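**Student:** Below are the sequence and a predicted model; questions follow.
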There are 6 protein chains.
Amino acid sequence: MSRFDERHAEALRPVRIESDYLLHPEGSVLIQVGNTKVICTATIEDKVPGFLRGQGKGWITAEYSMLPRATEQRTPREAARGKINGRTMEIQRLIGRALRAVVDLEALGERTVWIDCDVIQADGGTRTASITGAFVAMTQAIAKLAEEKQLARFPITDFLAATSVGIVEGQGAILDLNYVEDVAAEVDMNIVMTGAGRFVELQGTGEEATFSREELNELLALGEKGISELIALQKEVLGELANKVGGA
Amino acid sequence: MSRFDERHAEALRPVRIESDYLLHPEGSVLIQVGNTKVICTATIEDKVPGFLRGQGKGWITAEYSMLPRATEQRTPREAARGKINGRTMEIQRLIGRALRAVVDLEALGERTVWIDCDVIQADGGTRTASITGAFVAMTQAIAKLAEEKQLARFPITDFLAATSVGIVEGQGAILDLNYVEDVAAEVDMNIVMTGAGRFVELQGTGEEATFSREELNELLALGEKGISELIALQKEVLGELANKVGGA
Amino acid sequence: MSRFDERHAEALRPVRIESDYLLHPEGSVLIQVGNTKVICTATIEDKVPGFLRGQGKGWITAEYSMLPRATEQRTPREAARGKINGRTMEIQRLIGRALRAVVDLEALGERTVWIDCDVIQADGGTRTASITGAFVAMTQAIAKLAEEKQLARFPITDFLAATSVGIVEGQGAILDLNYVEDVAAEVDMNIVMTGAGRFVELQGTGEEATFSREELNELLALGEKGISELIALQKEVLGELANKVGGA
Amino acid sequence: MSRFDERHAEALRPVRIESDYLLHPEGSVLIQVGNTKVICTATIEDKVPGFLRGQGKGWITAEYSMLPRATEQRTPREAARGKINGRTMEIQRLIGRALRAVVDLEALGERTVWIDCDVIQADGGTRTASITGAFVAMTQAIAKLAEEKQLARFPITDFLAATSVGIVEGQGAILDLNYVEDVAAEVDMNIVMTGAGRFVELQGTGEEATFSREELNELLALGEKGISELIALQKEVLGELANKVGGA
Amino acid sequence: MSRFDERHAEALRPVRIESDYLLHPEGSVLIQVGNTKVICTATIEDKVPGFLRGQGKGWITAEYSMLPRATEQRTPREAARGKINGRTMEIQRLIGRALRAVVDLEALGERTVWIDCDVIQADGGTRTASITGAFVAMTQAIAKLAEEKQLARFPITDFLAATSVGIVEGQGAILDLNYVEDVAAEVDMNIVMTGAGRFVELQGTGEEATFSREELNELLALGEKGISELIALQKEVLGELANKVGGA
Amino acid sequence: MSRFDERHAEALRPVRIESDYLLHPEGSVLIQVGNTKVICTATIEDKVPGFLRGQGKGWITAEYSMLPRATEQRTPREAARGKINGRTMEIQRLIGRALRAVVDLEALGERTVWIDCDVIQADGGTRTASITGAFVAMTQAIAKLAEEKQLARFPITDFLAATSVGIVEGQGAILDLNYVEDVAAEVDMNIVMTGAGRFVELQGTGEEATFSREELNELLALGEKGISELIALQKEVLGELANKVGGA
């Protein structure tokens, strides 16, 4: 059971999170998961979308994009085509929803956190890298806000990270698929979990294929392992800030 | 543990599938799941999208829409707004991907099956009702094609249906959420399974909440039960055609 | 002089109006004119477009759409194409304008009635069926409003229905064209009239052809006959509500 | 019964058609009807839209626009808004359809005549002035084509002009409404007729009002009178070319 | 060194500015530069864009368009294509920016001057003709405003005109390029200058070519000559109004 | 005469060009000019736009974008707004046009070089940094092409770089404006020049101001100095490849 890049089935690719990557944003990181590189930034805006106005709650929203040559072949810009495609929309909605699960929106107050994930280089797993990186950028930005505005309690309730698992013919269940593995996968699952080991999002898809309950169990175990390693790295990168997350 | 509409936690709403609902399409049904009503049609086109041309394989693609007053409040038309929103895109992609998992695209030949799901009335579960109904419309359309073109083997390899499960405060895990339950749900999961009891798609989401592995197990069991009932109904509606599905 | 479907030249197709067709809207009908089926709904909104604000008058606006497989060949969705085509715009404007002719907009107050006409199945005459059906849905919705808000006078001043007439080679002038006749017609005219027998809209078009004054007279007589039959049916469907229309 | 500009009820405004108005187009005029000024051009393209390809027939299509300050208040450009509004679409379709009624599309061959009507100054009746002017520009362009390509027969079968009639409170039925009259009109009707006195298009609309059969008759008589005067002017402007129209 | 139209290298084409060309706008001209004809209008609106609100300053903004048959071949309308192309945007921005350089925006007050330049006929130099003509239309509109509102000082501080210069193989440096010369030019430069002989805008472009400092000097001298002639004509057309420009 | 960041008037900011910055593109650099950072990539496509097909010539086209948080305040994505704004279009057109001036399009053959410039961090001068960086990425990509396809001659004829110069009150003429200086500038000029010291593009703009011929001369001298330094750096980064540029 050998993988294209010689990893063990249950191994993540090398992961690196460089924080304060950009000058202007309140929070920003460059996350690298193998050859996948994503710039994640967090911006705090002092208002909420119309449907939330006047309820004393905040909101987290995310946008996702790829540079045209993040990919092997050049991908035409969505701005040039004048519309955002379905895949991008799905990913944006997933990132925002996932982050909201670990934010106490009342503690945030009537503010919106804008998350921007821009893929500089793509080699599979861009959406899960985006979630893992965006959590760090968001925590930095919210920590600045919490201090400036003297928020009563810290709005982030737990850690959050994401990875992919899948079943590839001849390799069985594997963790953290790169692009070649993703294309070859019969079953592909994105998992988002918290520091407490609870699920936030589970998206498993048979690609013109199906999977059994036993296979599902195996995939979930792999995902849980990978996510706990990613969260350990987030804690290291965040340093002292990590203590505020979920704090009393 | 009582539900808003007095159902048992593990009960589907009343389901009815009226086939040959429209005059023109090759396959068409009106599916009703409680107060949710969706018209599903299947159209066969003798060409495939560009990325598949010349490979001898077919394609299944789906479009989804709601009448403005399918909902309690009037929802502006996407045509009038000039763009399709993220939720619609996600649902369209889900329906097409799910159906492709039980179609032998080579047996279909270089043809596209267009699935149209138009929600006439919405009361929760419109995407899962769309998949369950679209499977029947698609089977009818492909059966006509198979006969006319004398296809070497019947392209549909198994039955396919979908339902939702969720966790609602005070009610625990429940099957087939209506709109009120969907809004109240902390965890919401859509499950698509085959006649053989294998998973095609699993989309579980904590709505500003999370769920444990035990809760996941409970949800999966409920979903499996509901889907086997839906597939039994599909077989009844399809009559003799049901024998062709997955046939040797 | 025999028609494709054996009708007399001056005969309408069988017409059926099913009211309270949907759960949510204030007014809703399914109108069937032969094989043409349209769902018409009416929604009341408590504001008016910008150009009317502050004048104490209401507005009636209409939207029209067809399901992709309402037609023999699948018609691509306007939402997917990102814009509404000219034919749809013309029909929407016609429906709104026609209904406004029998509504006392001051009596309505600063409110908008949204009319949605969605063609489920098309076999010619979809715009005239939409007007005839929408009148019933609008009357139901306005009657509820009139009661709830204790309007000083009932805002609907007369009945309103529409039909088509045309000249088809070998058949002369005929009433209520179905799709085959519509395609074959040299002259096609849509007529909208009130219960008092007055014209609201007259749209006659030579399709790469022309027509004389004598032919026009013949067409108008046929139209008048058809509309009086449609209005008789509206009265029957509306029951007691019919007495409110144009009432002192 | 006196009009705002002191005209008789049955009088056209002063009409002037300046031909060969622009350097580049195959046919071009500036038509002035009172203060309404429209530049009409005709362009011949050597192909037809997809739905006509290979049938040996031609097509006439029209586009219509107004300069932002053609109107009293500045009207935002449709290009800046990114879409064409319903009124413009209706007018474009009307102009194209009307012209097609007097063109033998087989004699034209597989070619498209593009008509462009750009309103430089608007004072009511811009769509009817566009049709009257466009007929002259189209005739010039087609005459050049007929000579260059030695067409077997001249493709224009009759003259064509358009005007408006209406009913204005206190003035009764009047011919050729200017903007002030158009706004005040209860009934507004656009009439397109041929040199032989046959109807091509009849669009009568009660503006939140209705009209009787007697009023209709009166309006049609006025329109017929106005159109015969406009066609006399077209003949004068076309000079010798006028003899080719409908020629043996 | 002879030009296609026999002009001297340093000669402008015949220029004519017809003022008060349209009925409705506060300022309007038809400017003709050789065969190039542009209608320029100025409209004053009593508000400013969001980014300027509350600062007591005004704004000048411009829109530019060409009739489809202003050109040799028909150019599709931007409204029909649903978006404005890059060339149009560049020109619009240039016209607005250039005019703002000679307007005292504080003296104008919180008002926007909308400039519309519509090219009726194109033969090269449409953007520079637009600027030269728009200056006259703007001056007329602002003069009316200044009188009506009794502005404390006249907001226009200097004259402004524009022309093009270029280098064409075999002809050397030439002034005021027509379309044929523009296509043939290796270097093309648009120059906008004030009555005081100061530069406002300089846009020099090597078209798949480059130019030396000496060539640049030669081009600037030609441009300066042409602009002083254009400003002399503007003064003549403006008559007494010319005295207000830059007045104490 | 001291600048905000203590530079001399005639000093560039620190410039760094990191080549082979991304994995997939044929050419890619990260260029840093002070705090401005742009990723420039070059992609070669084996076809040309429609207007060039069959002429044996190639094309260079550029796209430009900024990450939302490249700027101090978050800038909404153009993809989300559904259209590209005027500033972006101007910059894209400038980059493409400038690069074409030093490419022998016949030697390139029927191929398109796509240049993508994505601003990661913005502090003034993003368009000139884009040109300077894109030249290096393009040279790398074309060098690979030249080798693979054994092109008869190397298509790049000279070096090319760009910088900005301007006049800021109290500082006089300065080189390479950062964002704060750009906002304060009365006159702003972008200059693109070749290795041979010839002009390719000159865009000077008075921002609600004007400039004299003497000031122009001073600005041009500063720009020439800055560009020669940038080209020296390009040569260093390109190493041996630099010898191919403009080679015999």
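**Tutor:** Okay, I see it.

**Student:** what about the helices in chain A?
**Tutor:** Here chain A has its helices, by DSSP state H, at A:78-81, A:86-100, A:105-108, A:126-148, A:179-184, A:213-238.

**Student:** Around chain C, which positions in chain A sit nearby?
**Tutor:** Residues of chain A lying near chain C by CB under 8 Å from any CB of the partner chain: residue A:83. For glycine as for every other residue, the C-beta is placed from the backbone atoms N, C-alpha and C.

**Student:** what stretches of chain A score poorly on pLDDT?
**Tutor:** Low-confidence segments of chain A (pLDDT under 70): A:1, A:248.

**Student:** residue in chain A nearest to chain C?
**Tutor:** At 7.1 Å from chain C, residue A:83 is the closest residue in chain A, using CB to the nearest CB.

**Student:** Farthest from the middle of chain A: give me that residue.
**Tutor:** For chain A, the largest distance from the centre (CA atoms, centre = their mean) belongs to residue A:54, which lies 29.3 Å off.

**Student:** ok so, going back, include distance to residue C:167 and mean neighbour count when you put the helices of chain A into TSV, please.
**Tutor:** Shown next, in TSV, are those (distance: least, CB to CB, whole Å; neighbours: other CB atoms under 10 Å in any protein chain shown):
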stretch	distance to residue C:167	mean neighbour count
helix A:78-81	47	16
helix A:86-100	48	21
helix A:105-108	66	19
helix A:126-148	61	25
helix A:179-184	61	16
helix A:213-238	67	18
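
**Student:** So which residues on chain A come close to chain F?
**Tutor:** Close to chain F, as judged by CB under 8 Å from any CB, chain A has residues A:22-25, A:28, A:35, A:39, A:41, A:43, A:45, A:63, A:65, A:67-72, A:74, A:77-80, A:82-84, A:114, A:116, A:118, A:120-121, A:123.

**Student:** Quick one: buried ones out of those?
**Tutor:** In the residues of chain A next to chain F, burial by neighbour count holds for A:22, A:24-25, A:28, A:35, A:39, A:41, A:43, A:63, A:65, A:67-71, A:74, A:77-79, A:82-84, A:114, A:116, A:118, A:120-121, A:123, counting by 16 or more other CB atoms under 10 Å in any protein chain shown.

**Student:** still on that earlier bit, quick one: the nearest residue to the residue farthest from the centre of chain A once chain neighbours are set aside and chain E, what's the gap?
**Tutor:** Distances taken as CB to CB, 6 or more residues apart in numbering or on different chains put residue A:110 closest to residue A:54, at 8.0 Å, once the chain neighbours are dropped. To chain E, residue A:110 is 22 Å away according to CB to the nearest CB, to the nearest Å.

**Student:** Thought residue A:49 was touching residue A:110, still the case?
**Tutor:** No: taking contacts as CB atoms under 8 Å, residue A:110 lies outside contact range of residue A:49: 10.4 Å.

**Student:** Return the residues in contact with the closest residue to chain E within chain A.
**Tutor:** As assessed by CB to the nearest CB, chain E sits closest to residue A:82 within chain A, at 7.1 Å. Counting by CB atoms under 8 Å, 6 or more residues apart in numbering or on different chains, residue A:82 touches E:83, F:82, F:83.
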